[in-house]
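K.L.:
here's a sequence, model it:
(chains A and B)
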Amino acid sequence: MSQATKVEKDTVPQVGAGTVEETSVPAAPDIRVVGDTYRTVGDYTSANPVVRARNVDVFYGDNHAIQNVSLDIGKNQVISLIGPSGCGKSTFIRCLNRMNDTIDIARVHGEILLDGEDIHARRMDVVMLRARVGMVFQKPNPFPKSVYDNVAYGPRIHGLARNRQELDRIVRSSLERAGLWTEVKDRLDEPGTGLSGGQQQRLCIARTIAVGPEVILMDEPCSALDPIATAHIEDLIDELKKNFAIVIVTHSMQQAARVSQRTAYFHLGRLIEVGDTDQIFTNPQHELTEDYITGRFG
Amino acid sequence: MSSHAQGVKERVARGIARRYRRERNFRLAGLGAVLVGMAFLAFFFYTLIGNGYTAFLQTHILLEVELSESSIDPDGERDPQTLGRANYQGVIRNALMARFPQVEGRNDLRDLFALVSPGAGFELRNQVLANPELVGQTIRQWLVADDDVDMLVKGHMDRTAEESERRINDSQLGWIEQLEADGSVARHFNHRFFTSGDSRDPEMSGIWSAVVGSFFMLLVTLALSFPLGVATAIYLEEFAPKNRWTDLIEVNINNLAAVPSIVFGLLGLALFINFFGLPRSAPVVGGLVLTLMTLPVVIIAARASLMSVPPSIREAALGVGASKMQTIFHHVMPLALPGMLTGTIIGMARALGESAPLLMIGMVAFIVDVPESPLDPATALPVQVYLWADSPERAFVERTSAAILVLLAFLLVMNASAILLRKRFERRW
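P.N.:
Next comes the predicted model:
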């Protein structure tokens, strides 16, 4: 957590003071900096949104980590967030399930609607929100418990199963949907930490979908995995989008191109460009996006 | 280019020997420090065991004791009250006189009677009370020898020294040698040392009342300091807002861990005894005082182990919608528990070895009876060591060392269990 804060610290002041876009990239007509507002290129809305974020700002203490970001997350769709380190991708998805609440100095402004309900509203319980918006983390983090207990934990605390049979069914179907059932069905009692890295990450995904969320947030889910495990997870994401809306943060542009239907490019705390993945990677509108995806910086 | 590389290589080569020498010197210094420490430890144990092991044996004298009905139970009714009131020390004196019929005169007889411990009569009495059929019989009985005889037999007293230089006079020495010659003097395992309380007579004294006192005290300390300390740590670490007040509390807790223990004793005296009116010399007060002393240690250890739980586990739990309380009690606590237990046991071990605060609340008293509850007057093991170390009798020297050995054994067991717990419950992720 402190690391995330630190990264933001390093990059953000440049934006506020000197407006890097204007100085280092003078020919960027699409960015009009007027006070603290700017315009995102492309269509950030979605025809069928689950989550609608409008004018979201996040501050870590005095640092303006993300600025005025508006973005829709569509149903049954994968949207990938790309951009250089410290650009606010992770900060943004951590707003969607209010994970930023766990950081004392973080403040979030703006409106985020989940199915039309304001997630910051007093009526919205954060525990309920996190059951509806699941999260998979960068490093596989199974609980140091058995495979079964890892998956059963969410349903248990939320009281989703009335009896043991029902719980067994939820665990089994979650593991099946995470493509892990055949590999672990004989060792459900063994510790989840004993699985391989890729299996652990799929276990974490199973744990997340066991609660039956509407949205799954994935924060660089493959960065700690080898290419084979990564391919496995990518297939899984493709499968999961039939039932869930998925937001994936990734540093691999190939991965973004492979798994997502929409792509959003973040730069220094701003959402620069959003569009269909094909269009972003073949015909980016913004110069910064083009520089990034062609590998000129980042 | 190559000449430049040559120059660099030479310069590095010149320095390299010095670098290795420094490393070697540092390692030698470390090894030396370890060896010096081990030497001190070895010397410490050599002295302790050398002084103390003889306390685990006790000299006994074999006598033919006549438990005549006329002297013990004149009514012949075997009434326990009558049996209990009889003069058993007199019975033993008669046995001594029968053994050495040539001894006459008050002074000589007093010297003769001094060979056997004044406590031997009590033991004989208990034996008769437990088994009244002994009355009327003559039994061959091993009786506890007096501490001076014990010291002489164990070789702590020089038999060849001038008579005025030793506590056993020549005639006593003669009788002892007579007894030794026909095998009537022997050293047996000293069960009294482990089963009886303190006594003015070294041969009758034991550590049991101190052990029980220490046990009650630690029980109170554990029952209070573990739940309180862990709950405090969880609140401060996980729930309390980080502001100037919690900073102040944290600094104070860290400072309290370094406060001299006698200050806690004074606090206990003022608060628990003078203000709340709790009994003096009682393990419950000792336990309360030691709780005050161990709490900071437990809190610091528990906070450190909470802090060492990786944040990824908390995120995982929060991510599936666990509340803060569930996250902490389902996931963070089980991972932090081995560290908490280790800290607590080490705090308890420190409390077990503490004597200074107990002096302030009256636990230095001379306690003969074994306490039956935490409210009875009691003493503690380290205080017992202190009391015996202060006593003039030569026989208390070995008992002091033996008591220290017992105390160290308890500490060793506690610390070993701390290590064991940590090894056993430590989970990797």
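
K.L.:
now do stretch B:132-147, average pLDDT.
P.N.:
Across stretch B:132-147, the average pLDDT comes to 89.

K.L.:
need the CA coordinates for it. PDB is fine.
P.N.:
Written as PDB, here are the backbone C-alpha positions of stretch B:132-147 (Å, rounded to 0.1, in the frame of the first residue of the first chain):
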ATOM      1  CA  PRO B 132      -1.100 -46.600  64.200                       C
ATOM      2  CA  GLU B 133      -0.100 -50.300  64.200                       C
ATOM      3  CA  LEU B 134       3.500 -49.200  64.600                       C
ATOM      4  CA  VAL B 135       2.800 -48.400  68.300                       C
ATOM      5  CA  GLY B 136       4.300 -51.000  70.500                       C
ATOM      6  CA  GLN B 137       6.900 -52.000  67.900                       C
ATOM      7  CA  THR B 138      10.600 -51.300  67.600                       C
ATOM      8  CA  ILE B 139      11.400 -50.100  64.100                       C
ATOM      9  CA  ARG B 140      14.600 -49.500  62.300                       C
ATOM     10  CA  GLN B 141      14.200 -46.000  61.000                       C
ATOM     11  CA  TRP B 142      16.300 -43.700  58.800                       C
ATOM     12  CA  LEU B 143      16.000 -40.300  60.600                       C
ATOM     13  CA  VAL B 144      17.000 -37.000  59.000                       C
ATOM     14  CA  ALA B 145      20.300 -35.800  60.200                       C
ATOM     15  CA  ASP B 146      20.900 -32.300  61.400                       C
ATOM     16  CA  ASP B 147      22.300 -29.900  58.800                       C
END
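
K.L.:
buried ones in it, by neighbour count?
P.N.:
B:Leu134, B:Val135, B:Gln141, B:Trp142, B:Leu143, B:Val144, B:Ala145, B:Asp146, B:Asp147 (16 or more other Cβ atoms under 10 Å in any protein chain shown). For the C-beta atoms, the positions are set from N, CA and C on the backbone; glycine is no exception.

K.L.:
ok, now stretch B:101-118?
P.N.:
Going by 16+ other Cβ under 10 Å, stretch B:101-118 has these buried residues: B:Asp108, B:Asp111, B:Leu112, B:Phe113, B:Ala114, B:Leu115, B:Val116, B:Ser117, B:Pro118.

K.L.:
just checking, the fourth one touches B:Ala95?
P.N.:
No - contact status for B:Phe113 versus B:Ala95: not in contact, 10.5 Å apart, counting by Cβ atoms under 8 Å.

K.L.:
how about stretch B:375-383: buried residues?
P.N.:
Buried, per 16+ other Cβ under 10 Å, within stretch B:375-383: B:Asp376, B:Pro377, B:Ala378, B:Thr379, B:Ala380, B:Leu381, B:Pro382, B:Val383.

K.L.:
taking the stretch 101-250 of chain B, what residue is nearest to chain A?
P.N.:
B:Lys242 (6.1 Å; Cβ to the nearest Cβ).

K.L.:
thought B:Leu63 was touching B:Ile139, still the case?
P.N.:
No - contact criterion Cβ under 8 Å: B:Ile139 and B:Leu63 do not qualify, at 9.3 Å.

K.L.:
tell me the phi and psi of the residue nearest to A:Ser146 when sequence neighbours are not counted?
P.N.:
Spatial nearest neighbour of A:Ser146, chain neighbours left out: A:Asp189 (5.0 Å); criterion: Cβ to Cβ, 6 or more residues apart in numbering or on different chains. Main-chain torsions, A:Asp189, degrees, to the nearest 10: phi -90, psi -10.

K.L.:
any idea which of the buried residues of stretch B:101-118 is closest to A:Val41?
P.N.:
For the buried residues of stretch B:101-118, the residue nearest A:Val41 by Cβ to Cβ is B:Ser117; the value is 102.1 Å.

K.L.:
give me the element the residue nearest to the closest one when sequence neighbours are not counted is part of.
P.N.:
Once flanking residues are discounted, B:Ser117 sits nearest to B:Val144: 4.3 Å by Cβ to Cβ, 6+ apart. In this assignment (DSSP states H and E), B:Val144 forms part of strand B:138-144.

K.L.:
would you mind pulling up the elements that that strand packs against?
P.N.:
strand B:57-66, helix B:120-130 (3 or more Cβ pairs under 8 Å, 6 or more residues apart in numbering or on different chains; DSSP states H and E).

K.L.:
so can I have TSV of those showing mean neighbour count and distance to A:Lys241?
P.N.:
What follows is the helices and strands packed on strand B:138-144, written out as TSV (neighbours: other Cβ atoms under 10 Å in any protein chain shown; distance: least, Cβ to Cβ, whole Å):
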stretch	mean neighbour count	distance to A:Lys241
strand B:57-66	21	83
helix B:120-130	17	86
